[in-house]
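Q: structure of the sequence below:
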Amino acid sequence: MSTTKRLRAWAGNYLAVILILVWGLAPFYWMLVTALRDKAHTFDTTPWFTHVTLQNFQDALATDKGNDFLGAIINSLIIGGATTLVALAVGVFTAYALARMDFPGKGFVTGIILAASMFPGIALVTPLFQLFGELGWIGTYQALIIPNISFVLPLTVYTLTSFFRDLPWELEEAARVDGATRGQAFRMVVLPLATPALFTTAILAFVATWNEFMLARQLSNTSTEPVTVAIARFTGPSAFEYPYAATMAAGALVTIPLVIMVLIFQKWIVSGLTAGGVKA
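A: Got it, this is the predicted structure:
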């Protein structure tokens, strides 16, 4: 390849990366600009930081208007953490069985999991509300955790199944030859190798649960609502004034921890998502 073609390919790649970054980060950037701008200038279209203030973050965290944003963050952490732990605990064994074992009905089980992942969530709102209402669970954590588990479990199973299927059988067989049981081989050989995939699925499951709004809006109350519902319920100084700046500040407080988490674990996320993509 000539030098000119290399330069064109290099420039094209970097241009594509820049366009993707701008497309993906522009809304987040504008959210930060609005969150740090005095609310008297909320609708100012200046594309950089002006009239900088932290008052909007104080308004988002204040409780004098009936908002409890810190409590909502704790609720989201509880719901997201419990959902992720259960989904991983169930998904890792299910994925291992689907990838490594032959049993009657294996294809049927795989099809059921796929069907569950494609089922529209909006169709579940009414029956879940009626079911949990009869059980007295409306406004409880279990009413928010159990549906989220059903949503993220198919994603967990499929991600881990693909990874387990691509792991070399020889490593597990060598452990079995050395006297390890299937459970010991799974615990001491397979799970350490699956660490990147576990990180990937855990983060994807947590983010999906953290961002869920539709069911949480119907099944929570003010003591158990997650951040998505709390932000939607933000109130301003009067019924005719919506707190756009405080809402943007709350959105920044919710988004920044997720961005930091992804940046910290990006090595494991990339290796987990690309595992099995290239055969040796």
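
Q: residues touching the closest residue to residue 189 other than its chain neighbours, list them.
A: With C-beta to C-beta, 6 or more residues apart in numbering as the criterion, residue 189 has its nearest non-adjacent residue at 4.9 Å, and that residue is residue 175. Where you see a C-beta, it was placed from the backbone N, CA and C, and this is true even at glycine. Counting by C-beta atoms under 8 Å, 6 or more residues apart in numbering, residue 175 makes contact with 184, 185, 188, 189.

Q: the third one and residue 180 touch, don't they?
A: The one in question is residue 188. Yes. Look at residue 188 against residue 180 with C-beta atoms under 8 Å: they come within range, at 6.9 Å.

Q: higher neighbour count, those two?
A: The neighbour count for residue 188 versus residue 180, taken as other C-beta atoms under 10 Å, is higher for residue 180 (16 against 12).

Q: what about the protein, any weak spots by pLDDT?
A: Along the chain, segments meeting pLDDT under 70 span 1-2, 236-240, 268-280.

Q: spatially central, which residue of it would that be?
A: With distances taken as C-alpha atoms, centre = their mean, the chain has residue 207 as the residue nearest its mean C-alpha position (1.4 Å).

Q: for the stretch 101-250 of the chain, what spans make up the strands?
A: Here the stretch 101-250 of the chain has no strands by DSSP state E, counting those that start in this stretch.

Q: what helices and strands are in contact with the helix or strand containing residue 4?
A: Using DSSP states H and E, residue 4 sits within helix 3-35. Secondary-structure packing of helix 3-35 (3 or more C-beta pairs under 8 Å, 6 or more residues apart in numbering; DSSP states H and E): helix 244-264.

Q: using CSV, write down the CA coordinates of the helix it packs on.
A: These are the backbone C-alpha positions of helix 244-264, laid out as CSV (Å, rounded to 0.1, in the frame of the first residue of the first chain):
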residue,chain,number,x,y,z
TYR,A,244,-34.8,22.0,33.4
ALA,A,245,-31.4,23.0,34.8
ALA,A,246,-31.9,20.9,38.0
THR,A,247,-33.0,17.9,35.9
MET,A,248,-29.9,18.2,33.8
ALA,A,249,-27.8,18.3,36.9
ALA,A,250,-29.5,15.2,38.2
GLY,A,251,-28.9,13.5,34.9
ALA,A,252,-25.2,14.4,35.1
LEU,A,253,-25.0,13.0,38.6
VAL,A,254,-26.6,9.7,37.4
THR,A,255,-24.5,9.4,34.2
ILE,A,256,-21.1,10.3,35.5
PRO,A,257,-20.7,7.3,37.8
LEU,A,258,-21.6,5.0,35.0
VAL,A,259,-19.0,6.6,32.7
ILE,A,260,-16.4,6.3,35.4
MET,A,261,-17.2,2.7,36.0
VAL,A,262,-17.0,1.9,32.3
LEU,A,263,-13.7,3.7,32.0
ILE,A,264,-12.2,1.8,34.9
